[in-house]
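**Student:** Okay, here's the prediction I keep looking at, along with the sequence it came from:
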Amino acid sequence: MATDRPTPSRARLRALSAAAMIAAVFAAPAAAQRLRPADEVEQLQGVDVVEKLGDTIPLDITFTNAESEPHELSRYINGSRPTILVMVYFDCPMICPVVLDKLAEAMNELDYTVGRDYNVLVVSFDPTDTVTHAADSKMLYLSGYARGGPPDIASGWQFMVGEPREIRRLKDALGLDIRLLDNGEYSHPVALAVASPDGMVARYIYGLDYDPKQVKLSLLEASQGKIAQSLGDQFLFRCFRYDETQGKYSLHAMTLMRIGGVLTVITLVLLIGGLFVKEHVFRRSDRTGPATAGAHTTNDTNPRGGPRARPAVSGGSV
C-alpha cells in the first residue's frame, strides 16, 4: 500500500501525473472551456497510485479486444506467464502515446518474446474509445515489433476497450487515480503494473523510462523466476531486489555475500578433494610399482652365481 511519505519514485510519478494533466488542459481545442487556475490546482492534487502489491486482480472483468471479441481477463491472465497492464486512452494528446512508444522500444530490446514469455494488455480507461481505436493502435505497434511471429504477438499483445463499470473495476484493482477533466481530457498517473501468471499485482513501473533490464527484472519477479531462460537470468532473479528509495532494481548485497560464501565453500571442497585424490593415486602407484616390475624380470643366473644352463637345441633332419 502507498505510504504518506513519498519516495523519490513517487515524487517523479506525481510530477508526471501533473504533466499529463497540464498537457491535456493546453491540448484542448480553443473552443473548449478553459479551466480556471484554482480548478487546475484542485485537479492536480491527489493524483497518485495506491499500490495494490499482493492483491489479485478480478479476472472476470470483461473487455473487448481489437478484433471485436469480448473476453474476460482470465483468457489472457491464465497462469501461464506474467502480464504487463497498461491503462491509457487512445485519443490522449500527449502522454499516452509516449508511454506506448517507450514500452514498445523496451519490448524490442528485451530478450523475451511477447505472447511466449509474457503478455501485454493495453486497456483504455476512456469508455468512449472504440474498437477502431484499439485496432488502429494494435496495427501500429505490432508492425514495429522486432521479435517473434504474428500469431504469438497477436495473442499476447492486446489492445482493448470496455464499459465504464469494467474500466472502474480494473483501475480500482490497480489503485490508479484517473480523473476526467472539464475539457474532456484525463488526468492520470504514468505507471505500468506487472501481474503474476495468476493475476497478483507484483510490481509497478513508474515514469517514461522503461529500461529493458528493469522490465525484465519485473517480469522475472512476477513469475518467481519461472520464465528465466539462462543462468544469467537466474542470477538476475536471485541477486537483484527492488529498491523502494531508488524506484528500481539493484544488486542485493546480502544475497551476493551468500552466493560468494557458497562458491568459496564449493571451491575449497573441490580443491581439497582434488589434492586427496592425487595423493591417493601417488600412494597406490608407490605400493604397486616394485611388485609389478619384479613380476616382469627374468633371472638368467643359477643359484651358484654362474650362468644358467640353457638346453641344447639341435637342428636339421635325422
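**Tutor:** That came through, no problem.
**Student:** State the number of residues packed around the residue nearest to Ala135 when sequence neighbours are not counted.
**Tutor:** Here the nearest residue to Ala135 in space, its sequence neighbours aside, is Ala66; by CB to CB, 6 or more residues apart in numbering that works out to 4.2 Å. Glycine gets a C-beta too; all of them are placed from N, C-alpha and C. A total of 22 residues lie near Ala66 under the criterion other CB atoms under 10 Å.
**Student:** tell me the phi and psi of the residue nearest to Asn78 when sequence neighbours are not counted?
**Tutor:** Ranked by CB to CB, 6+ apart and with sequence neighbours excluded, the top spatial neighbour of Asn78 is Pro197, at 7.5 Å. Note on Pro197: its backbone torsions stand at phi -60, psi -30 [degrees, to the nearest 10].
**Student:** which residues touch Pro197?
**Tutor:** With contact taken as CB atoms under 8 Å, 6 or more residues apart in numbering, Pro197 is in contact with Ile77, Asn78, Gly79, Ser80, Arg81, Pro82, Thr83, Ala222, Ser223, Lys226.
**Student:** Only C-alpha atoms, please: export stretch 131-149 in PDB.
**Tutor:** Output in PDB follows, covering the C-alpha atoms of stretch 131-149 (Å, rounded to 0.1, in the frame of the first residue of the first chain):
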ATOM      1  CA  VAL A 131     -12.800  -1.000 -31.200                       C
ATOM      2  CA  THR A 132     -11.500   1.000 -34.200                       C
ATOM      3  CA  HIS A 133      -9.200   3.000 -31.900                       C
ATOM      4  CA  ALA A 134      -7.900  -0.300 -30.400                       C
ATOM      5  CA  ALA A 135      -7.400  -1.900 -33.800                       C
ATOM      6  CA  ASP A 136      -5.500   1.100 -35.200                       C
ATOM      7  CA  SER A 137      -3.200   1.100 -32.200                       C
ATOM      8  CA  LYS A 138      -2.600  -2.600 -32.400                       C
ATOM      9  CA  MET A 139      -1.700  -2.500 -36.100                       C
ATOM     10  CA  LEU A 140       0.700   0.400 -35.400                       C
ATOM     11  CA  TYR A 141       2.600  -1.100 -32.600                       C
ATOM     12  CA  LEU A 142       2.600  -4.700 -33.700                       C
ATOM     13  CA  SER A 143       4.000  -3.700 -37.100                       C
ATOM     14  CA  GLY A 144       7.100  -2.300 -35.400                       C
ATOM     15  CA  TYR A 145       7.700  -5.200 -33.100                       C
ATOM     16  CA  ALA A 146      11.000  -7.000 -34.000                       C
ATOM     17  CA  ARG A 147      10.600 -10.300 -32.200                       C
ATOM     18  CA  GLY A 148       8.500 -13.400 -32.700                       C
ATOM     19  CA  GLY A 149       5.900 -14.300 -35.300                       C
END
